[in-house]
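Participant: Here is a sequence with its predicted model. Questions after.
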Amino acid sequence: MSSDAPERTNLLGLPRPALEAFVAQLGSRPFRARQLMNWIYKRGVGEPAGMTDLAKEFRARLAERAEVRLPEVVREQRSADGTVKWLLRADASQAFEMVFIPEPDRGTLCISSQVGCALDCSFCSTAQQGFNRNLSTAEIVGQVWLASTQLARETAAEAAPGAEPAERRVTNVVLMGMGEPLANFRNVVPALDILLDDFGFDLSRRRVTLSTSGLVPQIYKLAEVSNVALAVSLHAPDDALRNELVPINRKHPIAELLTACWHYLDEQNGRSVTFEYVMLEGVNDSPAQARALARLLKGHPAKVNLIPFNPFPGTRYARSSAPVIQRFRDELLQRGVLATVRRTRGEDIDAACGQLAGRVIDRTTVRLGSKVFGVAVQP
Ligand code: SAH
């Protein structure tokens, strides 16, 4: 037996009930968990020694058994537009990315849920990397903690002179980084709990968005346990094209997916589902396709977010031109379907949608080339 101390529990992995149980195990009263969360999430203090209103003895026990352990930053890059991208270590040879996007009225943190992705969407750079592993709850929450505390330290004085005034706090979190969040259900849901908890990051449910490529059974399960905003990567108005762009569609076709979305809204009293639609020149961007999309969504609580395609090395796709995107949007608007065009941010540092690549050693390609169906989706 080694005499090494056992690994300390990472507090960022424990939503409130689990933290209460942990605190009780340490011989303290469960309500101390709230005080602890207050230090960690409200005040950004991760060292028990600094948690001055906790009994000294309890602090000592905490320091022995627990810690706030963050993913290590491998590299940080800043875009001319203020976007920040972090490359974070998953282990010796693997890394994942997160991106902060400052805007005048909000600061959005785009976080990852997996190292790589197994779903193999044909226009996504992350997909090309393959899949390595799920991130833990602590690694998901750790991204938000890391960005929040780092941004808080950067004073306004450090902002570039003449730069557009922008929110430098994390006010919104989107699970739109690397990975398919619903394929990592078991770790993602407790992370969402911590993001929303009054004693955690205390974000309102409308400021936390989970984006999925369309894992239908997991959308039903999510409706039972969470009420965050839902975004769905649709990208095509018919099954033949969607089968090609988003292969999970072969398992869960559009009609089934939309039924799951409306169910989610009913259960969660949600306002609308956002449908992401990447604009690929000559593939899915014709006026006829816009009309077909409008027919699918008309009369439902839906918003369409058109994403100009972001190219990456080796891709066979090109971005639709601005007038084509405008025309597509107008076709939707004329039919009463709300539609916006996503502004591309952080392009100069490869931080835009679909460009996150990290460093992934693929573990799935050996499986008979069937990435989508070969990878176990956690219950
Ligand atoms: N797996 C989830 C979460 C990723 S979100 C999902 O598919 O929803 C990232 C968003 O960016 C998705 O809507 C995705 O389809 C889109 N995207 C992927 N590659 C892109 C690219 N090259 N250009 C623009 N958007 C892209």
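Facilitator: Arrived safely. Numbers count the residues shown, from 1 in each chain.
Participant: Quick one: the helices in this structure, in order.
Facilitator: For the chain, applying DSSP state H gives helices covering 16-25, 32-37, 56-65, 125-129, 137-153, 185-196, 216-225, 239-245, 254-268, 287-297, 322-334, 371-374.
Participant: for the second one, packing partners?
Facilitator: It refers to helix 32-37. Contact analysis of helix 32-37 by 3 or more Cβ pairs under 8 Å, 6 or more residues apart in numbering; DSSP states H and E lists helix 16-25 as its packing neighbours. The way it works is simple: take the backbone N, C-alpha and C, and place the C-beta from them, glycine included.
Participant: Just tell me which of the helices of the chain ends up closest to Val360.
Facilitator: Of all these, it is helix 125-129 that lies closest to Val360, at 3.9 Å by Cβ to Cβ.
Participant: now that closest one, how far from the chain's geometric center?
Facilitator: Offset of helix 125-129 from its chain centre (Cα atoms, centre = their mean, to the nearest Å): 16 Å.
Participant: Only alpha carbons, please: show that helix as PDB.
Facilitator: Provided in PDB are the C-alpha atoms of helix 125-129 (Å, rounded to 0.1, in the frame of the first residue of the first chain):
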ATOM      1  CA  SER A 125     -14.400  20.500 -37.000                       C
ATOM      2  CA  THR A 126     -14.800  18.900 -33.600                       C
ATOM      3  CA  ALA A 127     -16.300  15.800 -35.300                       C
ATOM      4  CA  GLN A 128     -13.200  15.400 -37.400                       C
ATOM      5  CA  GLN A 129     -11.200  14.900 -34.200                       C
END
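Participant: Dump the helices of the chain to CSV, plus distance to Gly46 and mean neighbour count.
Facilitator: CSV is the format used below for those (distance: least, Cβ to Cβ, whole Å; neighbours: other Cβ atoms under 10 Å):
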stretch, distance to Gly46, mean neighbour count
helix 16-25, 14, 17
helix 32-37, 11, 20
helix 56-65, 11, 15
helix 125-129, 29, 22
helix 137-153, 8, 21
helix 185-196, 14, 22
helix 216-225, 27, 18
helix 239-245, 42, 16
helix 254-268, 32, 17
helix 287-297, 44, 18
helix 322-334, 44, 16
helix 371-374, 37, 16
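Participant: a markdown table please, covering the ones you listed and showing distance to the ligand and mean pLDDT.
Facilitator: Output for the helices of the chain, formatted as a markdown table (distance: least, Cβ to the nearest ligand atom, whole Å; pLDDT from 0 to 100):
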| stretch | distance to the ligand | mean pLDDT |
| --- | --- | --- |
| helix 16-25 | 26 | 96 |
| helix 32-37 | 27 | 95 |
| helix 56-65 | 35 | 94 |
| helix 125-129 | 6 | 88 |
| helix 137-153 | 13 | 96 |
| helix 185-196 | 11 | 98 |
| helix 216-225 | 12 | 98 |
| helix 239-245 | 9 | 98 |
| helix 254-268 | 12 | 96 |
| helix 287-297 | 15 | 98 |
| helix 322-334 | 12 | 98 |
| helix 371-374 | 12 | 33 |
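Participant: if I look at Val232, how far off is Leu222?
Facilitator: In this view, Val232 and Leu222 are 12 Å apart by Cβ to Cβ, to the nearest Å.
Participant: give the contact list for Ser213.
Facilitator: With Cβ atoms under 8 Å, 6 or more residues apart in numbering as the criterion, the residues that contact Ser213 are Leu119, Cys121, Glu180, Val232, Ser233, Val246, Ile248.
Participant: Can you check these and name whichever has the most neighbours?
Facilitator: Using other Cβ atoms under 10 Å as the neighbour criterion, Glu180 leads the contacts of Ser213 with 30 neighbours.
Participant: Could you pull up phi and psi at that residue?
Facilitator: phi -110, psi 110 (degrees, to the nearest 10).
Participant: Test my guess that it contacts Ser113.
Facilitator: Yes - counting by Cβ atoms under 8 Å, Glu180 touches Ser113, with 7.1 Å between them.
Participant: could the helices of the chain go into CSV alongside distance to Leu203?
Facilitator: Below are the helices of the chain laid out as CSV (distance: least, Cβ to Cβ, whole Å):
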stretch, distance to Leu203
helix 16-25, 15
helix 32-37, 14
helix 56-65, 25
helix 125-129, 24
helix 137-153, 9
helix 185-196, 5
helix 216-225, 17
helix 239-245, 31
helix 254-268, 16
helix 287-297, 27
helix 322-334, 29
helix 371-374, 31
